[in-house]
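J.: Next comes the sequence, and after it the predicted model I'd like to discuss.
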Amino acid sequence: MKLLNKSIRTIFIIFILYTVLSYIIITYFIPYSNLLSGMSVLTIIAFLISIFYSYSIIKPIEKLKDRIENISNGEISQLNYPLNKQYSKVFNNLNEISNKLQQYDTKLSKRKEGFNIIIESIKEAIWIQDSKGLIRTYNTSFANLVEMTEIKNQYFWNVIRTKELYDIVDKYFKNPVSKTKKLEFDSKHFLCSTSYSEFSKETVFILYDITEFRKLETIKKDFVLNVSHELRTPLTSIKGYLETFEDDLDEKNKDYVEIIKRNTERLIHIVNDLLTLSRLEHENSLKMEIFKIDQFLYNISHIFTQRVEEKGLKLVIEQNKNESEMQADVYQLEQVFINLIDNAIKYTDKGEITVIAEDTENYLRFIISDSGYGIATEHLPRLFERFYVVDKSRSRRMGGTGLGLSIVKHIVNLHGGTINVESEVGVGTKFLIAFPKTLTK
């Protein structure tokens, strides 16, 4: 803009000088008879000067305009400097910009090439969709999955023909989120992971084939179920025979038999817990019914009345709404509370165990807390793992199997709920269970 203003001022000055010069020449040096011809010659000269000067101004501007358009279209090249020195700095700056853009373009191309090499080396199907549903990037595994070659810039509904996969992709296209979901098609099991970028408004899809993992998992579950079934019968027989001839033994031998019985009962408990866990994993079915929470909690507390009194403890039941109802599998939910309250009594020597039921707007919450030994922080993340025991010697002494909390978590998950634990050594432990209100009446 400064150059243009300067050029206009220059033309205006030339025009004034030309006017003054013409007036002097015509007035003092050209006779009247030759006035018209003199004026014509001067006019032609001025016209030619104006054209030449205008060309020296406009031509570089046109070059700049064309160059900027080329850059915007991705064409990067160097400009020759114009005769007009006023524009040299502008051309120099534009050339520097072009050089930097070319460097960035080279770096971007290398990174893009590296990215393509990476996704091609991954055996999982990967593709990236924009906010319009167009597939911008994909790898060979995805092309093989959909059995197509021309995929880029195609709408996903024209590419993905499998209904199960299409339903998931369409769902996340309408409501973009980062999530992981299991699905099954073509006799295979997959894990579909989506990652949404707020910056680019694109969604990355990764489809993991977990068929072999599922087969191994099924084999493991079947093995545990079958072995548990096979073990329960002989263990029950051993316990029965021990109880039969126990009365005929002397005191010394009775002590040995008592040790055998205690360990046999421990094995029976482990087998029964394994069978319970295996059934939960295999069946995944719930016998839902509606029941009153206050009556349910009363029945649970009644089971532990004698044990609580024997240890000198107190079992407290609290509710914020007396008429609250819940829809759940009563038998399985009883297992949850029995396991948690049983543990609380085992690991509490004084104080009280509290069960609180809170009926909120969106959730039905239960809090089971005690004033027992507490659990160290490093154990909390693994507390719901199978066979994980915080204190092995204490657990064996009290008959723990290390499966109770795994069963609890599995039942809660089957009901669509969540369970968390808070604990402090020497203070006590608190289990917090939340069920969505959709499970209530």
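T.: Perfect, I can see it now. Numbering: from 1, shown residues only.
J.: in terms of contact, does N322 touch D294 like I think?
T.: Yes - using C-beta atoms under 8 Å, N322 is in contact with D294, at 5.8 Å. To be clear about C-beta, it is placed using only N, CA and C from the backbone, and glycine gets the same treatment.
J.: Where do the strands of the stretch 201-350 of the chain begin and end?
T.: Secondary structure of the stretch 201-350 of the chain (DSSP state E, counting those that start in this stretch): strands at 202-209, 289-292, 314-319, 325-328.
J.: what's in contact with the longest one?
T.: Taking C-beta atoms under 8 Å, 6 or more residues apart in numbering as the criterion, the residues outside strand 202-209 that touch it are 124-131, 136, 142, 145, 165, 169, 172-173, 176, 188-197.
J.: I'd like to know which of those residues are buried.
T.: Among the contacts of strand 202-209, those scoring as buried are 124-129, 142, 145, 165, 169, 172-173, 176, 189-194, 196 (criterion: 16 or more other C-beta atoms under 10 Å).
J.: number of nearby residues for the closest residue to G426 other than its chain neighbours?
T.: Excluding the flanking residues, the one nearest G426 by C-beta to C-beta, 6 or more residues apart in numbering is G374, at 5.5 Å. Residue crowding around G374 was assessed by other C-beta atoms under 10 Å; the count is 19.
J.: Next: I238.
T.: Neighbour count for I238, taken as other C-beta under 10 Å: 15.
J.: The closest residue to it other than its chain neighbours: what's it in contact with?
T.: Nearest non-adjacent residue to I238, counting by C-beta to C-beta, 6+ apart: T264, 5.4 Å away. Shown in contact with T264 (C-beta under 8 Å, 6+ apart): L235, I238, K239, L242.
J.: Compare those and tell me which is most surrounded.
T.: Counting neighbours by other C-beta under 10 Å, the top entry in the contacts of T264 is L235, with 19 neighbours.
J.: follow-up on the earlier one: keep only those of the buried ones among the contacts of strand 202-209 that are in helices.
T.: Using DSSP state H, the subset of the buried ones among the contacts of strand 202-209 located in helices is F142, L145, L165, V169, Y172, F173.
J.: Turn those residues into a markdown table, including distance to E258.
T.: A markdown table is the format used below for those (distance: C-beta to C-beta, whole Å):
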| residue | distance to E258 |
| --- | --- |
| F142 | 65 |
| L145 | 63 |
| L165 | 60 |
| V169 | 63 |
| Y172 | 61 |
| F173 | 66 |
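J.: which one among those residues gets closest to Q327?
T.: Comparing these against Q327 with C-beta to C-beta picks out Y172 as the nearest, at 29.8 Å.
J.: Can you check the pLDDT for the closest one?
T.: Y172 is assigned 86 on the pLDDT scale.
J.: Check K430 too.
T.: Predicted confidence (pLDDT) for K430: 92.
J.: so K182 is in which element?
T.: strand 179-185 (DSSP states H and E).
J.: If I take that strand and strand 202-209, what angle do their directions form?
T.: 50 degrees (axes from the mean of the first three to the mean of the last three C-alpha atoms, to 10 degrees).
J.: any idea of the mean pLDDT for strand 179-185?
T.: On average, the pLDDT along strand 179-185 is 85.
J.: coming back round to it: find the pair from the contacts of T264 with maximum spatial separation.
T.: Within these, two members stand farthest from each other by C-beta to C-beta: L235 and L242, at 10.8 Å.
J.: Wait, G351 touches G374, no?
T.: No - using C-beta under 8 Å as the test, G351 is too far from G374 to be in contact (11.6 Å).
J.: re the thing from before, of the contacts of T264, which is the nearest to I290?
T.: Scanning those for proximity to I290, where the rule is C-beta to C-beta, the winner is L235, at 38.2 Å.
J.: list the contacts for K437?
T.: T360, E361, N362, Y363, L364.
J.: And for Y172?
T.: For Y172, the contacting residues are K179, T194, Y196, T203, F205, by C-beta under 8 Å, 6+ apart.
J.: now those residues in JSON lines, with distance to E246?
T.: Putting the contacts of Y172 into JSON lines (distance: C-beta to C-beta, whole Å) gives the following:
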{"residue": "K179", "distance to E246": "58"}
{"residue": "T194", "distance to E246": "62"}
{"residue": "Y196", "distance to E246": "67"}
{"residue": "T203", "distance to E246": "68"}
{"residue": "F205", "distance to E246": "65"}
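J.: Based on its surroundings, how many neighbours for I345?
T.: Residues within reach of I345, counting by other C-beta under 10 Å, total 19.
J.: And the one 3 residues further on, by the same measure?
T.: T348 sits with 20 neighbouring residues when counted by other C-beta under 10 Å.
J.: same question, N175
T.: There are 9 residues near N175, going by other C-beta under 10 Å.
J.: What's the mean pLDDT across stretch 127-141?
T.: Averaging pLDDT along stretch 127-141 gives 88.
J.: end-to-end on it?
T.: End-to-end span of stretch 127-141 (C-alpha to C-alpha, to the nearest Å): 10 Å.
J.: Repeat that for stretch 294-310.
T.: End-to-end span of stretch 294-310 (C-alpha to C-alpha): 25 Å.
J.: Which one of the contacts of T264 is nearest to Q335?
T.: Nearest to Q335 among the contacts of T264, with distances taken as C-beta to C-beta, is L235, at 21.1 Å.
J.: Return the per-residue confidence for that closest one.
T.: Note for L235: predicted pLDDT of 77.
J.: Between the strands of the stretch 201-350 of the chain, which one is closest to I118.
T.: The minimum distance between I118 and these falls on strand 202-209, with 12.5 Å, by C-beta to C-beta.
J.: Pairing partners for that closest one, with directions?
T.: Strands that pair with strand 202-209, judged by DSSP bridges, come out as strand 125-129 (antiparallel), strand 188-197 (antiparallel).
J.: Distance to K112 added to those strands, as CSV?
T.: Below are the strands paired with strand 202-209 laid out as CSV (distance: least, C-beta to C-beta, whole Å):
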stretch, distance to K112
strand 125-129, 12
strand 188-197, 16
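J.: Out of those strands, which gets nearest to E334?
T.: Shortest distance between E334 and these, using C-beta to C-beta, is found for strand 188-197: 32.7 Å.
J.: chain center to that closest one: distance?
T.: Distance of strand 188-197 from the chain centroid (C-alpha atoms, centre = their mean, to the nearest Å) equals 10 Å.
J.: going forward can the numbers begin at 3, since that is how I track them
T.: Sure thing, new numbering starts at 3, so read that last one as strand 190-199.
J.: Dump it to PDB, keeping only the CA atoms.
T.: Provided in PDB are the C-alpha atoms of strand 190-199 (Å, rounded to 0.1, in the frame of the first residue of the first chain):
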ATOM      1  CA  LYS A 190     -15.000 -63.300  14.500                       C
ATOM      2  CA  HIS A 191     -14.700 -61.100  17.600                       C
ATOM      3  CA  PHE A 192     -13.500 -57.500  17.300                       C
ATOM      4  CA  LEU A 193     -12.700 -54.500  19.500                       C
ATOM      5  CA  CYS A 194     -13.500 -51.200  17.800                       C
ATOM      6  CA  SER A 195     -11.600 -48.300  19.300                       C
ATOM      7  CA  THR A 196     -12.600 -44.700  18.300                       C
ATOM      8  CA  SER A 197     -10.600 -41.600  19.000                       C
ATOM      9  CA  TYR A 198     -12.100 -38.200  18.200                       C
ATOM     10  CA  SER A 199     -10.000 -35.000  17.700                       C
END
